[in-house]
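In: Sharing a model prediction with you, sequence too.
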2 protein chains.
Amino acid sequence: MKLTILGSSSALPTSERFPSAHVLNAHERLFLIDCGEGTQMQLRKARLRIGKISHIFITHLHGDHVFGLYGLISTFSLMGREHTLYVYAPERFREMLTSHLKDFDINVKFPIDFIPLTGNDPIRIYDDKYLTVTSFPLKHRVDAYGFLFREKPADRNIIREAIDKYHIPTVRIPAIKKGEDFVSEDGTVIKNEEITRPPAEPLSYAYCSDTSYFRRLAGFVRGVSLLYHEATFDKSLSELARVTGHSTSVDAARTAKEAQAKALIIGHFSARYKDISFLVAEASEIFPRTIAAVDGETYDIAEISKS
Amino acid sequence: MKLTILGSSSALPTSERFPSAHVLNAHERLFLIDCGEGTQMQLRKARLRIGKISHIFITHLHGDHVFGLYGLISTFSLMGREHTLYVYAPERFREMLTSHLKDFDINVKFPIDFIPLTGNDPIRIYDDKYLTVTSFPLKHRVDAYGFLFREKPADRNIIREAIDKYHIPTVRIPAIKKGEDFVSEDGTVIKNEEITRPPAEPLSYAYCSDTSYFRRLAGFVRGVSLLYHEATFDKSLSELARVTGHSTSVDAARTAKEAQAKALIIGHFSARYKDISFLVAEASEIFPRTIAAVDGETYDIAEISKS
């Protein structure tokens, strides 16, 4: 799992930071989370293959999380895309998207499958061989949702020497990888633990933006490998954070700590901060493994969450 | 008059070129022409003061000329703008803009004055102390308009030595600058040409994108100092240009030549071209003073149009 940050500004972009957009590369599928203005240009700059994006997750209907989507869909069309695009967003966006594309004469020649986000509890919205994605409610000025991407446990790794030692036939290997014991020709039972090693710990990534602090949030992302949490403001502006439905560096760190996340990456910084190192310092006092999002950077989640 | 190119791609942006947007600085007013996705980020990168933009001219309702506008208006709001924004665009956009801003919860606290573009002939749409702006129809798949920015002739320059020589009182100077002769106390008439020098030639800038070639266009921009003309395709793709309502390098040069423009800058390049020097070469065969638009560059129109 690799995460590329395309935009880490809040509503007001700066010369260094574009509006919100992340790309999660999980088993060579690209999942786009939020799509602020300029996302398609940032994708090109990061040399990510635009055509490999099939799932776009929109947290909420504020422009700094959405305004790159029309251009991206237009680009998909111009590139001759034919395969389905899945858009996950609050229900209200279904009609808005359709009418915006029509208003601008964008002739979409591929299917768009719209999956509405809803509910006060986590809901599994995506499931494939390797991964599940769960949406959960955030606390913002408008309906907003976070997303948890979680790898499925991989198969156990068979020990090569054990195959020779116990003369394990190839046909039995898939079942052994799933955890079965091996029964040899003479009826001896070889315990699974003796012939396999456990797989790598499944990784996970959670995206929480935009949101105020609320106690339940940590439960939604419990044990996550890497938590992205907005930290629009420093801790002295907690009242402004509350009023605008945002978080401070300390709110982000508190949720990371309560969730027992392995690592925290903060972003969605207010344009008032030229240097955000003190936001990292504030968060680190509560949750030491905190880093700041940087536009264009790619983070290896296995690496960053290693204990 | 200084022109800054913020975006010179056609509908498909590249890692080098953003979608269409130009800024014309005329007497320290900034006029924004088209507003493709990412315009506000490009404005910041070019260190142009966003708050100094009060007039935005939208040629037509295709996304690569418009999708940066919602974000820019949102940014104006967040920056606490209070003064009126004038938006010139095809009539249909009035309702679209209002409803898009509402859909996205963008609380615009300053007045937006919408001026609809219309007509089959040039129409003066702006007039101030220094400058007029005229819209004229282009030939594209949808209603599209070009814009001609033309400086008003400046006052004549009084010759300092003449003031001393003829004892010209300060109170008479404004009239003399306007072209009046000077009558001295003894009744001698001093011809205006003897005591003043003509002002610099008024400059002008025309923006023609998106459009096919059509004969009347040259007449709309006759004698312009700098002509920006789209050249989406090279000359081998003239059929594709015709079908899509665009121009080739040769079309752009032909219009520049017929209009007796002083200089031509081409842009709106198809993403198929990595290197656009051969488009410039094709145009230069017909109109030698051709250059290619480069994102982020600023061009001094007096300099570029000097014979």
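Out: Noted; the coordinates are in hand.

In: Now stretch A:128-142: buried residues?
Out: Within stretch A:128-142, the residues scored as buried using 16 or more other C-beta atoms under 10 Å in any protein chain shown are A:131, A:133-138, A:140. From N, CA and C alone the C-beta is placed, and that goes for glycine too.

In: Next step: those residues restricted to strands.
Out: A:131, A:133-137 (DSSP state E).

In: quick one on the thing from earlier: quick check, nearest of the buried residues of stretch A:128-142 to chain B?
Out: Closest approach to chain B among these (C-beta to the nearest C-beta): A:H140, at 10.8 Å.

In: residues touching the closest residue to that closest one other than its chain neighbours, list them.
Out: Ranked by C-beta to C-beta, 6 or more residues apart in numbering or on different chains and with sequence neighbours excluded, the top spatial neighbour of A:H140 is A:G245, at 4.2 Å. For A:G245, the contacting residues are A:139-141, A:210-212, by C-beta atoms under 8 Å, 6 or more residues apart in numbering or on different chains.

In: ditto for A:K191
Out: Applying C-beta under 8 Å, 6+ apart to A:K191 gives the contacts A:D181.

In: Max pairwise distance over the ones in strands among the buried residues of stretch A:128-142: which two?
Out: In these, two members sit farther apart than any others by C-beta to C-beta. They are A:L131 and A:P137, at 21.2 Å.

In: Look at A:E95 and say how many residues are nearby.
Out: By other C-beta atoms under 10 Å in any protein chain shown, 11 other residues sit near A:E95.

In: would you list the ones in strands among the buried residues of stretch A:128-142 in TSV and tack on pLDDT and distance to chain B?
Out: Shown next, in TSV, are those (pLDDT from 0 to 100; distance: C-beta to the nearest C-beta, whole Å):
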residue	pLDDT	distance to chain B
A:L131	97	29
A:V133	98	25
A:T134	98	26
A:S135	98	20
A:F136	98	22
A:P137	98	18
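
In: What is the three-state secondary structure of the residue of the stretch 201-307 of chain A found nearest chain B?
Out: Of all residues in the stretch 201-307 of chain A, A:A271 sits closest to chain B, at 8.4 Å by C-beta to the nearest C-beta. Three-state call for A:A271 (DSSP: H, G, I helix; E, B strand; the rest coil): coil.

In: Confirm for me that it is in contact with A:L12.
Out: Yes - contact criterion C-beta atoms under 8 Å: A:A271 and A:L12 qualify, at 4.0 Å.

In: quick one: contacts for the residue lying farthest from the centre of chain A?
Out: Relative to the mean C-alpha coordinate of chain A, counting by C-alpha atoms, centre = their mean, the farthest residue is A:D186 (49.6 Å). By C-beta under 8 Å, 6+ apart, the contact list for A:D186 is empty.

In: How about A:L24?
Out: A:1-3, A:30-31, A:33, A:149, A:205.

In: ok, and of the residues you listed, which contact chain B?
Out: Among the contacts of A:L24, not one lies near chain B by C-beta under 8 Å from any C-beta of the partner chain.

In: By neighbour count, which of the residues you listed wins?
Out: Neighbour max across these (other C-beta under 10 Å) = A:Y205, 29 neighbours.

In: Please report the number of neighbouring residues for the residue nearest to A:I56 when sequence neighbours are not counted.
Out: Nearest residue to A:I56, sequence neighbours excluded (C-beta to C-beta, 6+ apart): A:L32, at 4.6 Å. A:L32 has 27 neighbouring residues, counting by other C-beta under 10 Å.

In: ok, how many other residues are close to the closest residue to A:E28 other than its chain neighbours?
Out: Sequence neighbours aside, A:K52 is the residue nearest to A:E28 in space, at 7.6 Å (criterion: C-beta to C-beta, 6+ apart). Using other C-beta under 10 Å, A:K52 has 13 other residues around it.

In: pLDDT value on A:K52, please?
Out: What the model reports for A:K52 is a pLDDT of 96.

In: dump the residue contacts of A:E297.
Out: For A:E297, the contacting residues are A:4-5, by C-beta under 8 Å, 6+ apart.

In: repeat that for 10 Å
Out: Contact analysis of A:E297 by C-beta atoms under 10 Å, 6 or more residues apart in numbering or on different chains lists A:3-6, A:8, A:46, A:265, A:291.

In: give me phi/psi at it?
Out: Torsion angles at A:E297 (phi, psi; degrees, to the nearest 10) stand at phi -80, psi 150.

In: Helices of the stretch 201-307 of chain A, residue ranges please.
Out: All helices of the stretch 201-307 of chain A, identified by DSSP state H, counting those that start in this stretch, fall at A:216-220, A:238-244, A:249-258, A:277-286, A:301-304.

In: cool, and the stretch 1-150 of chain A?
Out: Listed in chain order, the helices of the stretch 1-150 of chain A (DSSP H, counting those that start in this stretch) span residues A:39-45, A:69-78, A:93-103.

In: hang on, the earlier thing: switch the helices of the stretch 201-307 of chain A over to JSON lines; also include mean pLDDT and distance to chain B.
Out: What follows is those, written out as JSON lines (pLDDT from 0 to 100; distance: least, C-beta to the nearest C-beta, whole Å):
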{"stretch": "helix A:216-220", "mean pLDDT": "98", "distance to chain B": "22"}
{"stretch": "helix A:238-244", "mean pLDDT": "97", "distance to chain B": "11"}
{"stretch": "helix A:249-258", "mean pLDDT": "98", "distance to chain B": "21"}
{"stretch": "helix A:277-286", "mean pLDDT": "98", "distance to chain B": "20"}
{"stretch": "helix A:301-304", "mean pLDDT": "96", "distance to chain B": "26"}
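
In: Looking at those helices, which is nearest to B:G63?
Out: Closest to B:G63 of the helices of the stretch 201-307 of chain A is helix A:238-244 (C-beta to C-beta; 29.5 Å).

In: Now tell me what touches the helix or strand harbouring A:I163 from outside.
Out: Assigned by DSSP states H and E, A:I163 belongs to helix A:160-165. With contact meaning C-beta under 10 Å, 6+ apart, helix A:160-165 is reached by A:159, A:168-170, A:172-173, A:176, A:182, A:190, A:194-197.

In: so what secondary structure elements neighbour the next helix or strand after it?
Out: With elements assigned by DSSP H and E, the helix or strand that comes after helix A:160-165 is helix A:173-177. Applying 3 or more C-beta pairs under 10 Å, 6 or more residues apart in numbering or on different chains; DSSP states H and E, we find helix A:173-177 packed against strand A:157-158, helix A:160-165, strand A:182-183, helix A:192-195, strand A:196-197.

In: In TSV, list those along with mean neighbour count.
Out: TSV is the format used below for those (neighbours: other C-beta atoms under 10 Å in any protein chain shown):
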stretch	mean neighbour count
strand A:157-158	16
helix A:160-165	12
strand A:182-183	18
helix A:192-195	16
strand A:196-197	16
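
In: Can I get the ones you listed in JSON lines including mean pLDDT and distance to A:H22?
Out: JSON lines is the format used below for the helices and strands packed on helix A:173-177 (pLDDT from 0 to 100; distance: least, C-beta to C-beta, whole Å):
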{"stretch": "strand A:157-158", "mean pLDDT": "94", "distance to A:H22": "31"}
{"stretch": "helix A:160-165", "mean pLDDT": "93", "distance to A:H22": "38"}
{"stretch": "strand A:182-183", "mean pLDDT": "94", "distance to A:H22": "43"}
{"stretch": "helix A:192-195", "mean pLDDT": "95", "distance to A:H22": "38"}
{"stretch": "strand A:196-197", "mean pLDDT": "96", "distance to A:H22": "33"}
